[in-house]
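Student: just to be clear, the model below is a prediction. Sequence and coordinates:
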Amino acid sequence: MKNAEIARIFEEIADMSEFLGDNPFRVRAYRNAARALFDLEDPIEEIARGGVEALEQIPGIGHELAVKILDYLKTGRVKKHEELKAKVPEGVLAVMRVPGVGPKTAKLLYEKLGVDSLPAFRKALESGAVLKLPGFGEKKRARLLKSLELVEAASKRWPLGAVLYEARELLRLLRELPEVEAAEIAGSARRYKETVGDLDFLAATREGAKVAEAFTKLAPVKAVYALGPGKATVFISPGIQVDLKIVPPESFGAGLQYFTGSKAHDIHLRKIAQQMGLKLNEYGVWRGDERIAGASEEEVYAALGMDWIPPPMREDLGEIELAKKHALPHLVRLEEIRGDLQVHSKWSDGKHTLEELARFAAELGYEYLAVTDHSPAVRVAGGVPPEKMKERIAAIRRVNEKTGGRPYLIAGAEVDILPDGRLDYPDEVLKELELVLVSIHSRFSMDEEAMTRRILRAIENPFVHVLAHPTARLIGKRAPVKADWERIFTRMKALGKAVEIDGYYDRMDLPDVLARRAREYGLLFTLSTDAHQKDHLRFMELAVGNAQRAWLGPEQVLNTRPLGELLDWLRGIRTG
Ligand code: DGT
Ligand code: CA
Ligand code: CA
Ligand code: ZN
């Protein structure tokens with residue numbers, strides 16, 4: 001629905017008009033209209049089918065604005081908006097949108113200090129130039145700097161793991177509000193997409209206005225962007241936007257379905273509903289005026305003749321067809337993971353001792369945990385020199401003796417793949433290790449052919465089990481290496497070796513698209529966190545989420561296997 005889109009345009013018209021000193025009554029008319037649209041429950045497109053007269057029935061929308069809405073729906077443009085944009089510097093509009101600024105302050109900043117962009121605004125705040133302006137004090141300056149930081153940060157996509165835990169805390173507090181009957185995180189975060197543009201929350205309540213307002217006052221909320229009886233938009237640290245949508249309890253499942261997306265999945269579902277003579281929206285599945293489903297997602301999918309689809313699969317990549325045939329794959333679940341297969345200890349750049357790692361694994365209910373310290377080529381990581389390996393393995397064994405192997409520490413290593421494809425330990429060292437991961441930490445920009453040969457050579461080594469964080473990308477920081485993955489996966493399949501999904505939040509490697517390819521090749525996977533400290537162990541959830549996005553089942557994931565079977569597999573690689 002285009003309600004929010006048009007509301008934003010009207011809001012911008014109001015802001016720009018006010019900035020230019022237009023008639024305050026007209027400014028207020030646009031603001032009221034924006035607010036009315038923002039609060040409107042039905043899609044404006046549907047109301048617009050009744051023409052100008054129907055639009056005029058919306059409180060706050062007069063004739064002139066009704067015509068503008070129709071125009072926009074037809075042409076995708078509002079002339080007045082474009083005229084104003086030609087008169088107001090683009091950066092000024094951005095400055096106005098910073099919570100706590102607004103058109104009047106923006107005008108002051110522009111006229112007195114020449115602030116015409118967010119960077120210029122930052123400069124004026126940091127230099128203290130703003131303190132000369134009327135109504136500005138040290139407190140206001142500090143508050144605006146914080147707001148600005150949030151806005152700057154919110155313009156980018158965040159790795160899911162960088163915002164998920166803060167979001168969960170907000171969700172917990174939302175659920176504690178007495179009027180809230182149910183609440184969930186929806187959107188791309190619920191689908192475990194590797195990055196999120198913003199976070200989408202859904203709450204079920206009969207008291208929308210009260211809940212929306214209380215939501216904006218919860219502790220993690222750093223700034224409020226918009227507030228209406230049915231929704232709110234706020235920022236939380238480290239600078240991500242959170243959209244709260246509110247529906248009545250009988251619509252919670254439909255709302256959750258709708259706002260979980262993806263957009264492509266939703267559009268496909270709506271088409272199926274239409275073909276069945278039904279209508280699907282965020283309030284339910286409708287036959288005429290009768291709601292035939294809506295309270296739960298299961299009920300919504302069932303009304304459309306299909307099985308409930310796990311959110312990570314909702315990308316319209318064939319999952320709807322399978323759900324109709326009751327043939328969805330059985331996805332791996334976090335509870336099925338029996339241990340973490342990439343963890344670093346104090347022996348390289350990890351924070352914890354072997355004993356501590358064993359304790360954390362026990363706390364998580366794991367049967368095993370692989371200690372996979374770096375090899376020496378990764379200098380920043382303080383890799384374990386080959387002559388120290390015997391001592392390290394003995395230390396791991398001693399911990400296992402002490403704990404009775406519950407949980408069992410697997411003596412592993414993350415061995416660097418050198419630029420020519422040789423490994424950073426000689427075979428005499430590799431063969432002492434129970435688990436050998438190989439991965440790239442240097443010379444990331446080799447051409448595709450050289451990189452492919454480098455990786456192929458590494459996995460040919462008979463002591464190697466797993467290709468770890470295969471693309472070596474860092475989300476937002478380093479592009480994936482270029483390699484012929486089809487050739488690499490083909491060879492790995494022939495050799496029976498496994499590929500990793502590294503769940504560390506800014507790696508997420510293999511990425512979902514490549515993980516899907518690897519599954520099609522029939523490869524085995526390991527899921528890991530690449531933890532360097534205790535906190536990181538929670539990224540297993542992200543690795544599992546990504547595995548689900550790749551439609552992996554437990555049988556394709558090595559670390560769902562009991563310890564004995566896993567050790568058999570590890571030994572089997574070497575005996576062929
Ligand atoms: P993001 O935020 O870019 O990581 O991705 P999403 O999937 O969270 O997208 P978002 O936040 O724009 O919207 C949340 C969900 O709302 C989206 O997944 C699907 C649902 N939705 C359903 N119909 C529409 C529509 O017509 N427009 C938009 N923007 N969202 C829709
Ligand atoms: Ca979102
Ligand atoms: Ca959103
Ligand atoms: Zn690594």
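Tutor: Nice, thanks for sending it over. Ligands and ions are numbered 1, 2, ... in the order given.

Student: hang on, isn't K210 packed against E179?
Tutor: Yes. Contact criterion C-beta atoms under 8 Å: K210 and E179 qualify, at 5.5 Å. Where C-beta positions appear, they are placed from N, C-alpha and C, glycine not excepted.

Student: tell me the pLDDT of L70.
Tutor: For L70, the model assigns a pLDDT of 93.

Student: what number of residues lie near the residue in the stretch 301-450 of the chain that ligand 2 sits nearest to?
Tutor: Closest approach between the stretch 301-450 of the chain and ligand 2, counting by C-beta to the ion: P311, at 12.5 Å. As a burial measure, P311 scores 27 neighbours (other C-beta atoms under 10 Å).

Student: go on, G128?
Tutor: Neighbours of G128 using other C-beta under 10 Å come to 11.

Student: that one: what's it in contact with?
Tutor: R141 (C-beta atoms under 8 Å, 6 or more residues apart in numbering).

Student: for it, phi and psi?
Tutor: With angles defined as degrees, to the nearest 10, G128 sits at phi 90, psi 0.

Student: quick one, grab the pLDDT at G576.
Tutor: At G576, pLDDT is 68.

Student: before we move on, what about K156?
Tutor: K156 carries a pLDDT score of 83 in this model.

Student: got the phi/psi numbers for the residue nearest to it when sequence neighbours are not counted?
Tutor: Using C-beta to C-beta, 6 or more residues apart in numbering and skipping residues adjacent in sequence, the residue nearest K156 is G476, 7.4 Å away. Backbone torsions of G476, given as degrees, to the nearest 10, read phi 80, psi 0.

Student: one more: V78?
Tutor: Main-chain dihedrals, V78, degrees, to the nearest 10: phi -120, psi 120.

Student: how close does the closest residue to ligand 1 within the stretch 201-350 of the chain get to G404?
Tutor: Proximity to ligand 1, evaluated over the stretch 201-350 of the chain using C-beta to the nearest ligand atom, is greatest for G261 at 1.9 Å. From G261 over to G404 the distance is 47 Å, taken as C-beta to C-beta, to the nearest Å.

Student: the two: which is more packed in?
Tutor: Legend: neighbour count by other C-beta under 10 Å for G261 and G404, higher for G261 (21 against 8).

Student: surely that one touches R314?
Tutor: Yes. Applying C-beta under 8 Å, one finds G261 in contact with R314, separated by 6.6 Å.

Student: common neighbours of these two, please.
Tutor: Going by C-beta under 8 Å, 6+ apart, residues that sit against G261 and also against R314 are R191.

Student: P386 touches L423, doesn't it?
Tutor: No. Between P386 and L423 there is no contact under C-beta under 8 Å: 11.0 Å.

Student: looking at the two, which has the bigger crowd around it?
Tutor: L423 (22 against 16).

Student: just give the nearest non-adjacent residue to the more buried one, would you?
Tutor: V415 (5.1 Å).

Student: does that neighbour lie in a helix or a strand, and which?
Tutor: Following DSSP states H and E, one finds V415 within strand 408-416.

Student: please name every helix or strand in contact with that strand.
Tutor: If contacts are counted by 3 or more C-beta pairs under 8 Å, 6 or more residues apart in numbering; DSSP states H and E, strand 408-416 sits against strand 339-343, helix 354-363, strand 368-374, helix 389-403, strand 435-439, helix 563-575.

Student: now the ones you listed in JSON lines, with mean neighbour count and distance to ligand 2?
Tutor: Shown next, in JSON lines, are the helices and strands packed on strand 408-416 (neighbours: other C-beta atoms under 10 Å; distance: least, C-beta to the ion, whole Å):
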{"stretch": "strand 339-343", "mean neighbour count": "29", "distance to ligand 2": "29"}
{"stretch": "helix 354-363", "mean neighbour count": "19", "distance to ligand 2": "32"}
{"stretch": "strand 368-374", "mean neighbour count": "28", "distance to ligand 2": "34"}
{"stretch": "helix 389-403", "mean neighbour count": "16", "distance to ligand 2": "43"}
{"stretch": "strand 435-439", "mean neighbour count": "26", "distance to ligand 2": "31"}
{"stretch": "helix 563-575", "mean neighbour count": "14", "distance to ligand 2": "37"}
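
Student: distance to D307 added to those, as CSV?
Tutor: Shown next, in CSV, are the helices and strands packed on strand 408-416 (distance: least, C-beta to C-beta, whole Å):
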stretch, distance to D307
strand 339-343, 31
helix 354-363, 35
strand 368-374, 34
helix 389-403, 42
strand 435-439, 37
helix 563-575, 30
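
Student: quick check: residues of this protein near ligand 3?
Tutor: D198, D200, D243 (C-beta under 5 Å from the ion).

Student: ok, whichever residue of the stretch 251-400 of the chain sits closest to ligand 3 - contacts?
Tutor: At 7.8 Å from ligand 3, F259 is the closest residue in the stretch 251-400 of the chain, using C-beta to the ion. Going by C-beta under 8 Å, 6+ apart, F259 touches A186, G187, D200, L202, K245, E282.

Student: so the last one makes contact with F252?
Tutor: No. In terms of C-beta under 8 Å, E282 does not count as a neighbour of F252; the distance is 10.0 Å.

Student: the two: which is more packed in?
Tutor: F252 (22 against 19).

Student: show me what the one helix or strand K140 maps to is packed against.
Tutor: Applying DSSP H and E as the criterion places K140 in helix 138-154. Contacts defined by 3+ C-beta pairs under 8 Å, 6+ apart place helix 138-154 against helix 118-127, strand 221-228, strand 231-236, strand 240-247.

Student: got the phi and psi for the closest residue to ligand 2 within the chain?
Tutor: Nearest residue of the chain to ligand 2: G187, at 3.4 Å (C-beta to the ion). G187 adopts backbone torsions of phi 60, psi -160, taken as degrees, to the nearest 10.

Student: do you know the pLDDT at it?
Tutor: pLDDT, G187: 98.

Student: now do the contacts for the closest residue to it other than its chain neighbours.
Tutor: Distances taken as C-beta to C-beta, 6+ apart put D200 closest to G187, at 3.2 Å, once the chain neighbours are dropped. The contact partners of D200, by C-beta under 8 Å, 6+ apart, come to I185, A186, G187, S188, A189, R190, V242, D243, K245, F259, T260.

Student: for those, which one is nearest I455?
Tutor: S188 (30.3 Å; C-beta to C-beta).

Student: any idea how far that closest one is from ligand 1?
Tutor: 3 Å (C-beta to the nearest ligand atom, to the nearest Å).

Student: for that residue, what are its contacts?
Tutor: Neighbour list for S188: L160, T195, V196, G197, D200, G261, S262 [criterion: C-beta under 8 Å, 6+ apart].

Student: please give the element, helix or strand, for it.
Tutor: With DSSP H and E as the test, S188 turns up in helix 187-190.

Student: now that helix, how far from the centre of its chain.
Tutor: Centroid displacement of helix 187-190 relative to its chain, using C-alpha atoms, centre = their mean, to the nearest Å, is 6 Å.

Student: in it, which residues are buried?
Tutor: By neighbour count on 16 or more other C-beta atoms under 10 Å, the buried set for helix 187-190 is G187, S188, A189, R190.

Student: contacts for the helix or strand where L70 lies?
Tutor: Under the criterion of DSSP H and E, L70 resides in helix 63-75. Residues from elsewhere that reach helix 63-75 (C-beta under 8 Å, 6+ apart): 2, 6, 9-10, 29-30, 33, 44-45, 48, 51-52, 55-56, 61, 77-80.

Student: do that again at 6 Å, thanks
Tutor: The contact list for helix 63-75 (C-beta atoms under 6 Å, 6 or more residues apart in numbering) reads I6, A33, A48, V52, L55, E56, V78.
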